[in-house]
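> I would like to see how this sequence folds:
(one chain, ligands or ions: 1)
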Amino acid sequence: MQIIEISLKNDSYFMIKYNLKCNNNHEFESWFSDSEEFNKLNKKKLLECIYCSSNKIEKSIMAPMISGMKLNQESVNILDKKLLKEKKELIKLREHIEKNFEFVGDKLSKKIRDIYYDKDTKKSIYGTATPEERKELAEEGIDLLSIPWVSKDN
Ligand SMILES: [Zn+2]
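Numbers count the residues shown, from 1 in each chain. As a prediction, this is how the structure comes out:
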């Protein structure tokens with residue numbers, strides 16, 4: 001498993017964690033970019049219970065978890081732990097990032113600075129950063145979010 005770093009420049013970008021419940025009363029969590037995405041997937045019966053595969057899903061409580069640059073280390077750690085448990089969700093998250101973020105590979109720390117210091121650019125990028133780069137960025141007040149990058153095909 002690879003760790004990918006993402007930079008969330010646009011403060012209005014966030015993902016929402018929903019607590020979901022199936023018709024057999026199983027509760028689980030899932031991540032969506034917004035409530036519309038949840039509604040769309042649910043309508044198409046693309047959501048299913050992780051325990052019994054029922055696709056009669058409803059959402060219980062909404063808990064926004066990622067919020068742009070305002071993440072602190074503690075919430076990142078909690079997030080990492082939670083995400084590690086849920087590979088299915090990670091794959092969804094990966095697909096979401098691939099669709100909505102620009103991949104910049106190991107040029108991440110350079111690109112982040114370009115974006116960060118150009119106030120007009122609202123862009124979300126992802127790529128890899130070394131621990132040193134990460135530390136330098138943190139000193140400049142730029143937080144990265146680490147995402148365990150799971151492979152889709154195992
Ligand atoms: Zn179920």
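
> Near L144, how many other residues are there?
By other C-beta atoms under 10 Å, the residues close to L144 number 23. Every residue, glycine included, has its C-beta placed from N, CA and C.

> Equivalent analysis for C52, please.
Count around C52 with other C-beta under 10 Å applied: 13.

> and it, helix, strand or coil?
Secondary structure, DSSP: H, G, I helix; E, B strand; the rest coil: C52 is coil.

> Look at it and report its pLDDT.
C52 is assigned 94 on the pLDDT scale.

> Return the residues in contact with the closest residue to it other than its chain neighbours.
Leaving aside its sequence neighbours, C52 sits nearest to N24 (C-beta to C-beta, 6 or more residues apart in numbering; 5.4 Å). N24 makes contact with 49, 51-52, 54 under the criterion C-beta atoms under 8 Å, 6 or more residues apart in numbering.

> Give me the distance between N24 and the ion.
4 Å (C-beta to the ion, to the nearest Å).

> Now that residue: which helix or strand?
Assigned by DSSP states H and E, N24 falls within no helix or strand.

> Mind pulling the model confidence for it?
On pLDDT, N24 comes in at 93.

> Kindly report the same for F32.
On pLDDT, F32 comes in at 69.

> what does the chain have sitting close to the ion?
22, 24, 26, 49, 51-52, 54 (C-beta under 5 Å from the ion).

> Going through the residues you listed, which ones are buried?
22, 49 (16 or more other C-beta atoms under 10 Å).

> any idea which of the residues of the chain next to the ion is closest to I97?
Within these, the smallest distance to I97 is 24.4 Å, found for C49 (C-beta to C-beta).
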